[in-house]
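S.K.: kindly generate the corresponding structure for this input.
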Amino acid sequence: MKLLVGFIISISSILAEPADLASSFTHSKLAVNYSVLESLGADFSAPRMRFVHMVPKNEFLSHFTGGLGCTDHRGVLKEHKFLRLDEGDKLVELMLLSNARKWFVTLMGVWTPHSDNLVYRHYGGVKGENVKYFSTLEELVDFVDENLDLDHVRVFRKLLQKGLTAHVMTLKLHEKLLSRLKFA
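M.R.: Model (predicted):
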């Protein structure tokens, strides 16, 4: 019987659909769902940045075992395969920062039963290139610093003024960009 239950759980996790990060169904399963978009103007070409911080409610951790994705403007769910969880892993939090056009970084907090520990996975990418895995948060912060031009530093300042969640990622970004923020 235990073997049958284990097999059913394994198959259901393989067949599970990615959680749509843009859907209200997923949002109802989050304890924290903070998203802010800021830009330097109203037109589409204005420099902009998006910050997202999501923390699942404890009772809905299984909702995220099928992976994560977003619905595009046509209503098609696109899975972000690099954000797929390993068997038994639990998504604890997800943070995203992007310029909403060309590059992004993601920090994914995952509890792993194998090590009985919380680990952070750091990803980033530039449109048209493969997703990069960063082994440390410092590498992720350096990637952001390298990809921020002066206009996007100004947008980041506006994000800070709106308020970003207190987190080691946002604190390290602020610290890294502090000298650039003074002159932006």
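S.K.: element containing residue 104?
M.R.: For residue 104, the element it lies in under DSSP states H and E is strand 103-112.
S.K.: now residue 46: how far from residue 77?
M.R.: 28 Å (Cβ to Cβ, to the nearest Å). All C-beta spots, glycine's among them, are computed from the backbone N, C-alpha and C.
S.K.: okay, those two: which has more neighbours?
M.R.: The residue with more neighbours, out of residue 46 and residue 77, is residue 77; 15 against 11, by other Cβ atoms under 10 Å.
S.K.: where does pLDDT dip in the protein?
M.R.: By pLDDT under 70, the weakly predicted segments of the chain are 1-27, 62, 72-73.
S.K.: which stretches of the chain form helices?
M.R.: Per DSSP state H, the chain carries helices over the ranges 2-15, 24-27, 137-147, 150-162, 168-183.
S.K.: okay, angle between the longest one and strand 103-112 too, please.
M.R.: Angular relation of helix 168-183 and strand 103-112 on a 0 to 180 degree scale: 160 degrees, by axes from the mean of the first three to the mean of the last three Cα atoms, to 10 degrees.
S.K.: helices or strands next to helix 168-183 in the packing?
M.R.: strand 90-98, helix 137-147, helix 150-162 (3 or more Cβ pairs under 8 Å, 6 or more residues apart in numbering; DSSP states H and E).
S.K.: who touches it?
M.R.: Applying Cβ atoms under 8 Å, 6 or more residues apart in numbering, the set of residues contacting helix 168-183 from outside is 95, 97, 107, 137-138, 140-142, 144-145, 148, 153, 156-157, 160, 164.
S.K.: drop the exposed ones from those and show what's left.
M.R.: Neighbour-count burial (16 or more other Cβ atoms under 10 Å) is assigned, among the contacts of helix 168-183, to 95, 97, 107, 137, 140-141, 144, 148, 153, 156-157, 160, 164.
S.K.: pipe those residues into TSV and attach distance to residue 57 per row.
M.R.: Output for the buried ones among the contacts of helix 168-183, formatted as TSV (distance: Cβ to Cβ, whole Å):
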residue	distance to residue 57
95	17
97	23
107	19
137	25
140	26
141	29
144	29
148	33
153	35
156	30
157	32
160	28
164	22
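S.K.: isn't residue 135 right up against residue 122?
M.R.: Yes: if you go by Cβ atoms under 8 Å, residue 135 and residue 122 touch, sitting 7.4 Å apart.
S.K.: more neighbours, these two?
M.R.: Neighbour tally, residue 135 and residue 122, criterion other Cβ under 10 Å: the higher count belongs to residue 122, 21 against 9.
S.K.: for the more buried one, what are its contacts?
M.R.: For residue 122, the contacting residues are 105-108, 133-137, 139-140, by Cβ under 8 Å, 6+ apart.
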